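*Asks:* Build me a model from this:
(6 chains)
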Amino acid sequence: MDILGLYHYWVFAVLLMTGFYAIVAKPNLIKKLIGLSLFQSAVFLCYITFGKLAGGTAPIVGKGAELFSSPLPQVLILTAIVVSISTTALGLALVLRIKEAYGSIEEDEIQEQDAP
Amino acid sequence: MSAEAAVLASLALPLLGAFLIALAGRISANIREAATMLTATGLALIVWSLVPLVMAGERPQVSVAEVLPGIELAFAVEPLGMLFAALASMLWIVNSLYSIGYMRGNDEANQTRFYVLFAVSLGTTIGVAFAANLFTLFLFYEALTLSTYPLVAHKGDQRSVASARVYLVVLLSTSIVLFLPAIIWTYMAAGSGEFTLGGVLAGKLEGAGVGLLLLLFVFGIGKAAVMPVHLWLPAAMVAPTPVSALLHAVAVVKAGVFAITKVVIYIFGVQHLLDAFVADLLVAAAAFTIIAASIVALRQENLKRLLAYSTVAQLSYVVMAIALLTPLAGIGAAAHIVAHAFGKITLFFAAGAIYTAARKTELHELRGIGRRMPVTMSAFTIGALSMIGIPPTGGFISKWYILAGAYQADNMLALLTIIASTLLNAAYLLPIIYMAWFAHDETFEARAHGEAPWPAVLALTLTAALTLGFFVFHSAVLALARQLLPGF
Amino acid sequence: MLAPHLPMLQVVVPLLMAPFVVLLRPRGLAWAAATMASLMAFAIAIVLALSVVGDATLTYRVGGWMAPYGIELRVDAFGALLLLVITGASSMALLGGQRSLERALPPTREPYYFSAWLLALTGFVGIAVSADAFNIFVFMEVSSLASYVLIAGGPDRRALSAVFKYLIMGTVGATFYLVGIGLVYMMTGTLNLADMAGRIEAVADTRPMIVAAGFITVGLALKAAIFPLHIWLPNAYAYAPHVTTAFLAACATKVALYVLLRFDFLILQQHLSGHAFQFAGYLMPLAVLGILVGSGVAMFERDLKRLLAFSSVAQIGYMLLGASLVSVSGLHAAILHMFNHALAKGGLFLAVAAFAAVTSGWRLEQIGGIARTMPWTFAAFVVCGLSLIGVPGTAGFLSKWYLVTAALEHGALGIALVCVILLSSLMAVAYVWRMVESACFAPDFDAETDADSTPNRDFAAFSHLLPTILWIVALANLYFGLANALPLELAKSAARTLLGGLP
Amino acid sequence: MSTITLLFSIFLLTLLMITTMAIVRTRNLFVAVMLMGIASLLIAASFFLLDAADVALTEAAVGAGISTVLFLGALALTSERERSPSSLPLLSLGIVAIVALIVIYATFDQPPLGSPSAPVQAHLTPWYIESTRELIDIPNVVTAVLASFRGYDTLGEVIVVFTAGVGVLFLLGTGASASAAGAPLSEDNAGLRHYLIPRILGRLLIPFILLLGFYVQFHGEYSPGGGFQAGAIVAASIILYSLLEGEQRALLVIPQGVLLAMMVGGVLLYGAVGVAGLVLGGNFLDYSVLDSDPVKGQQWGILLIEIGIGITVAGVLISIFHAFASRGAA
Amino acid sequence: MYYAVIVATLVTMALALLRAVRGPTVYDRVLAVNMFGTKTVLLLAALAFVFGRPDFLDLVLVYALINFIGVFAVLEFFRNRATRAGERQPAQHE
Amino acid sequence: MNIAIDIASWVLLTLGGVNLLIGGIGVLRMPDFYTRMHAASLTDSMGAILVILGIMLQAGLSLATVKLGAILAFLLLTSPTAANALAVSALLAGMKPRTGDAVQRTNHEADA
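*Replies:* Residues are numbered from 1 along each chain as shown, chains lettered A, B, ... in the order given. I've put the predicted structure just below:
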């Protein structure tokens, strides 16, 4: 059970790093944003995982349920998801403008054009 | 006006004046120059009104703000500072007069900027003179550097900008790398940087530290131009002559030696230095500078450069005098600050006048010039004699005291240096005089030129008169200087 | 009646003004509203600062819920000082920057820009007053997103690529921070900073805590542009509209540094054994490198704004260096430098904005002769430059003085650090003087060769408000160089609070 | 969590890892976006398994819905293919590997998953569940914490959304300019009008989707959901409408001015509730003073601010969509 | 008894994922994504009953809806691409 | 009674599961897009019907059943529509349904 439990955290680590890799290694700006999105999702997963209570259920008080998982991480992640999509939207808008201004969305090509 | 108010007023007036000059500069040149003269006169009046008080033994003190805990922005008037302030404020009037002639005669650009910055640098000079502690001194010392920088670069061409850069880099880097750490060290060791009679370091710092700190101060105060930090002085020769006068006579180098004197007397304390046996280091450095600079001066072809190296040598007289740590030498140092100021300003005014009238800058061009510009060259001669130390000029008085001090200290090195340098001085100055008066003017198309514009001539006549006058009426200066004696 | 609510109002005023501003269509109105809100915030910040002098702390329970359960606001000396910097910078930049922005922005976008400005302001003050780890994250994102918008308003297309880089790195930084506080939350079960500090003892030295400390530090270091994580900063500052740069350069990185210091000192350092040593061990070399590299690059940079941006990297190094000494005096110097650097750098960038109104660009050769065209503006520029160098009599000198004295408490290492500080001061002289020289002595830049230049014609229309504001900032540099009781007192009290129990 | 659900969860997470790897590997951005949709569904399903129903709802609405739409909108205007990098990014791989090791290193001292004695469960959670019952009296504790106990965070969240809206409008301009009111509806910009079956069905469904949105909005206190999710759903329905009928018609139905008013109005509503608390003698965002009965007051407050969130989110998301879409038309 | 369905759904999801990764055409991927969405709906519906919380079914409803809108977004994307490709060159598939 | 319902829903659920699996395999194994789509859309609808009916039997007469009904209706409407739209779109984009033998198939995939 313990190892199985830890598996969640490992997945978190792998996801985090997959996203991070896309951010640092990919020159394509949209790919970077995709990576960023994954990167943040990994963190969401981590929070939700440690908010889980064994034998608990979603913290909505209803018939019969007694044990509840912690609501706080869920609240935090709700906020974080919203932040994430906001960042993505702004980033995509930027990408569109960059495409119009440079005709490319590859980082290295843009840098080439920037160099005087 | 109370003494404290006068101190503050003397600091504020030049800045106010600068502001007025800037505004007046938009209206007309005449009003601008009137404002300059007015400010200069007003400043001199205020500063001189303090002299009787200080002579009577009063020490007005003003604290403006506590900048750091235990470190105040404060001013105190003591004899040495009084002397310096009085000298600077007086010479500013003369210098302004001269500037009017010179700047108009040469059609210089950006004259408003020139007068504004001149006023600002005078204000900072007064700040240096009246500083009550190391911090305040440092603050105004740096401000002086910065406000004179644009003056040095006044012409704005490649050469003057490059030279001004040397000026700035040498002065700022010495002050940041050496002077500032020395100050911090002082504050940390002594817990205070207050200028106190007898010094603040006694009993707080002993042994090799004293010597090291002293060297930090001496080389950190780059304005005193002890070799090898003298480099900025010849470089600054590109500036217009009134600025050279400001640098060499009125404010900048004087601020340097003044600061060293203050540090030796009020920070280390004469007795403490004597106990630590480190002053000889300073004497040696100064002696080397005197001889070396004089020899370099011998080889100069450009008049202003020659005068610059002469200044380097003369400054080290003051440094050496202080380092001798005897009462007579102390008086000599104070007197030499004044005497050199009068003599050197005369020389520079003369050089500037020659340039304005005849566009001549090199020595060989000066043949026979005495006949075309007799007033100027007479003044030049008086100045030169004062540099050498021949009576009846002011230079004789101060040299005499320094020599006596060296004898009192039983310092052979100093004695020999003074004698040797006097000979060297004579060797590089007398030929000029000879050439000017007796050589035949060989230039084929000897241009018909007479004297420089009258304000310039008037100014240099005045300073020459002062040089001569100092020989006779030196008692007031000596009286002030004697008030320093309790420090010895 | 409002007095107890001031910490909250500090955030609420710009926050609620921001949506209004979007709706204000006529030219100038959005600016006026934003400026008014910013000035109100500034007034509140002043009142707050005066009321926390003397180690007082103001707290506020948002929603009336008590501390570990609800969100708490807390204004102590450090926060108050930072609030002064943020709101002051915003107000001055807005007041002075109207004309400059009018030139830079198309009229239809103006309301959005000013709204984003207020949102950035909201974010910054929100971070400064918050005492809740997650709340800090939220407001950090508000400020970041708004800053991206502010920077992207630059006329140069390079602003876009610069912002994108900033967006990526900023978001990575924020996410690292989120991971860090997640781990801390997992181990302590709380998000309130004070509560966290109390509960951390029990789990100190567990692996997640150590990793959390690392994530938080790195994440915030990214946001604070600590060397070598500064690479987003130069271009972002260089290609943003000038007024934006003046605002952000004065406070953006400092806010992140503020959070970093609060986290590392209040929470981690006091409870993790050896953390102080690690903090110093990792960050001091970075600080030194940052100082030297930043100054070094600035010395050879020909673009005025990039030059100043690299100087910012160096100045952040100073702040970090002070903090990495882990002593009251060191922190004191660091915090004071935050205040003083904001004064100097804000003034410099505002001056650049003024120059840009009459020149065709802001490369060094393009500002040639500006001293003749705009002597007063230029004089203010020089005063701020001197403060940046740390010339005595200016605000910049004081913090360097304190930094040097703090370093000297550390023996031989201290002397080495002092050498670094002095060396970089010399470098600062060099780069400041290159600007001054170009402005004074370089030949007037031949504007006719530039097609899009509008030199001097605009000078008549040029607002006198900007030079006035510039002079206010310059005089503040001088004033706080001499009479600095308020920032000094706040910084001292902040340093004491941060080090808490440590001697 | 019983072992079997844990196993499900592990299976889902493994699929998730495979998906993300594929996302990073593929050079086709369209494929990456499609796979992102799958990843988002997988994450949402995992959230559901981990008792986070509200979060799962949000992730589905945002990740699989809005995010996909936005990415596709951006792709349509840029390019679908990614160029291959010039060299193998060894440095990046190194950094990534080191960070990964650090994160894994951190996992070993953690409290076991789901343990009731873990600080997260033991410290604040019981108080929240108790107090929600006592002081707010709504079943959904997540909503209570979100809207009241940590209402200030949520205000910040709304501000973030608003900022994003302002930012996108600043960068891309409003959609209104592309199709000024009164201009004839061009066939060119007609969306999916030629796909007959989807169009008819879509138009049929839109009211139901809107209804669902309102249900999620007003039922958020009793079941998963709330302002944000509702806003996203409403926005989705409007987006569906403009996909079907074209940009211009959608803007005729809800003009840009109205959208802007929604963006602003929601935030202001939220703020006004906060200020009302302040004016009525409580602290900012203290809802208890809104009614003579504090519990009632809390419920009123939560209801109002949720409406504020919903309005702003819908306004912002639709505005962003229009901004993207109009960029393509221009 | 729900477990049988859940396991079947999970396996189908894996298969669909495989198709989505493999392609080969973009339409295959869209198909796989759509299928994946339907499977998620069924999975969550079953899970809601396993957890004994049937009130979570509204959530499932939202999933179904989102999936639908996603498909339309993709279609619009294709249409858009076809329009653009018509201006330049014929559409290319992977 | 209960047992009867249990058995009925068990049967439905199992059949639904089998249906889903078949669909999955079909999507993976079928040779070209149109055939894959055929497998997917048919089993999708059928599987959904079976599974949700199974669950409905368990839920009995409650709000949950109503919701399940809504979900089912929704799926039944959207799933075929989506499939149709996708097929139309693919066809419009110029993708030809494959006819003929296996050699051609490999060619087609190689082209793609």
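*Asks:* Please make it C-alpha for all contacts and neighbour counts, starting now.
*Replies:* Noted.
*Asks:* What part of chain E, helix or strand, is modelled with the least confidence?
*Replies:* Ranked by mean pLDDT, DSSP states H and E, the weakest helix or strand in chain E is helix E:57-87, scoring a mean of 78.
*Asks:* Name the residues of that one that are buried.
*Replies:* Applying a neighbour-count criterion of 16 or more other C-alpha atoms under 10 Å in any protein chain shown, the buried positions in helix E:57-87 are E:57-82.
*Asks:* can you confirm residue B:72 is in a strand?
*Replies:* Yes: when the secondary structure is assigned by DSSP: H, G, I helix; E, B strand; the rest coil, residue B:72 falls within a strand.
*Asks:* what does chain F put close to chain D?
*Replies:* By C-alpha under 8 Å from any C-alpha of the partner chain, the part of chain F that sits against chain D consists of F:77-78, F:81-82, F:85.
*Asks:* any chance of those residues in TSV, plus distance to residue D:121?
*Replies:* Converted to TSV, those look like this (distance: C-alpha to C-alpha, whole Å):
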residue	distance to residue D:121
F:77	43
F:78	41
F:81	46
F:82	44
F:85	48
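*Asks:* can you tell me which of those lies nearest to residue C:218?
*Replies:* residue F:82 (46.4 Å; C-alpha to C-alpha).
*Asks:* and that closest one, how far is that from residue D:161?
*Replies:* Separation of residue F:82 from residue D:161 (C-alpha to C-alpha, to the nearest Å): 31 Å.
*Asks:* what's the answer for residue B:103, then?
*Replies:* Using C-alpha to C-alpha, residue B:103 is found at 65 Å from residue D:161.
*Asks:* quick one: which of the two has more around it?
*Replies:* residue D:161 (29 against 19; other C-alpha atoms under 10 Å in any protein chain shown).
*Asks:* so after the helix or strand harbouring the more buried one, what's the next helix or strand?
*Replies:* Secondary-structure element containing residue D:161, defined by DSSP states H and E: helix D:151-172. Stepping forward along the backbone from helix D:151-172, the first helix or strand reached (DSSP H and E) is helix D:196-218.
*Asks:* Now do the same contact list for the nearest residue in space to residue F:81 that is not next to it in sequence.
*Replies:* Distance criterion C-alpha to C-alpha, 6 or more residues apart in numbering or on different chains; nearest residue to residue F:81, sequence neighbours excluded, is residue D:198 at 5.8 Å. Shown here is residue D:198, whose contacts under the criterion C-alpha atoms under 8 Å, 6 or more residues apart in numbering or on different chains are F:81-82, F:85.
*Asks:* Ok, residue C:331 next?
*Replies:* Contact criterion C-alpha under 8 Å, 6+ apart gives C:322-323, C:325, C:495 as the residues in contact with residue C:331.
*Asks:* What of residue C:121?
*Replies:* Applying C-alpha under 8 Å, 6+ apart, one finds that residue C:121 lies in contact with C:14, C:38, C:86-87, C:90, C:143.
*Asks:* Tabulate the CA atom coordinates of the strand or helix carrying residue C:16 in CSV.
*Replies:* Secondary structure here is read from DSSP H and E; on that basis residue C:16 sits in helix C:6-23. Listed next in CSV are the C-alpha coordinates belonging to helix C:6-23 (Å, rounded to 0.1, in the frame of the first residue of the first chain):
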residue,chain,number,x,y,z
LEU,C,6,-6.1,50.1,6.2
PRO,C,7,-4.1,46.9,5.4
MET,C,8,-7.1,45.7,3.5
LEU,C,9,-7.9,49.0,1.8
GLN,C,10,-4.3,49.1,0.6
VAL,C,11,-5.3,46.2,-1.7
VAL,C,12,-8.9,46.9,-2.2
VAL,C,13,-8.5,50.5,-3.6
PRO,C,14,-6.5,49.6,-6.7
LEU,C,15,-8.3,46.3,-7.0
LEU,C,16,-11.7,47.8,-7.3
MET,C,17,-10.5,50.7,-9.4
ALA,C,18,-9.0,48.4,-12.0
PRO,C,19,-12.3,47.1,-13.5
PHE,C,20,-13.6,50.6,-13.6
VAL,C,21,-10.7,51.8,-15.5
VAL,C,22,-11.4,49.4,-18.4
LEU,C,23,-14.7,51.2,-19.0
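*Asks:* Relative to the whole chain's centre, how far out is whichever helix or strand comes after it?
*Replies:* Towards the C-terminus, the helix or strand next in line after helix C:6-23, according to DSSP H and E, is helix C:29-52. Put simply, helix C:29-52 sits 17 Å off its chain's centre (C-alpha atoms, centre = their mean, to the nearest Å).
*Asks:* For helix C:29-52, which helices and strands make contact with it?
*Replies:* Judged by 3 or more C-alpha pairs under 8 Å, 6 or more residues apart in numbering or on different chains; DSSP states H and E, helix C:29-52 is in contact with helix C:6-23, helix C:77-104, helix C:110-129.
*Asks:* ok, which residues in chain E are in contact with chain D?
*Replies:* Taking C-alpha under 8 Å from any C-alpha, the part of chain E that reaches chain D is made up of E:10, E:14, E:17, E:20-21, E:26, E:29-30, E:33, E:36-37, E:40, E:44, E:47, E:55-56, E:59, E:62-63, E:65-67, E:69-70, E:72-77, E:79-81.
*Asks:* now, which of these lie close to chain B?
*Replies:* Within the set of the residues of chain E next to chain D, contact with chain B (C-alpha under 8 Å from any C-alpha) is found for no member.
*Asks:* For burial, what's the neighbour tally of the residue in the stretch 51-200 of chain D positioned nearest to chain E?
*Replies:* As assessed by C-alpha to the nearest C-alpha, chain E sits closest to residue D:65 within the stretch 51-200 of chain D, at 5.4 Å. Taking other C-alpha under 10 Å as the criterion, the count of residues near residue D:65 is 27.
*Asks:* What residues does it make contact with?
*Replies:* Remark: with contacts taken as C-alpha under 8 Å, 6+ apart, residue D:65 is in contact with D:37, D:236, E:66-67, E:69-70.
*Asks:* Show me which residues of chain A sit near chain C.
*Replies:* Counting by C-alpha under 8 Å from any C-alpha, the residues of chain A lying close to chain C are A:23, A:32-33, A:36, A:40, A:43, A:46-47, A:50, A:76, A:79-80, A:83, A:87, A:90-91, A:94-95, A:97-98, A:101, A:110, A:114.
*Asks:* For burial, what's the neighbour tally of the nearest residue to residue D:325 once chain neighbours are set aside?
*Replies:* Closest residue to residue D:325 apart from its sequence neighbours, by C-alpha to C-alpha, 6+ apart: residue D:73 at 6.7 Å. By other C-alpha under 10 Å, 26 other residues sit near residue D:73.
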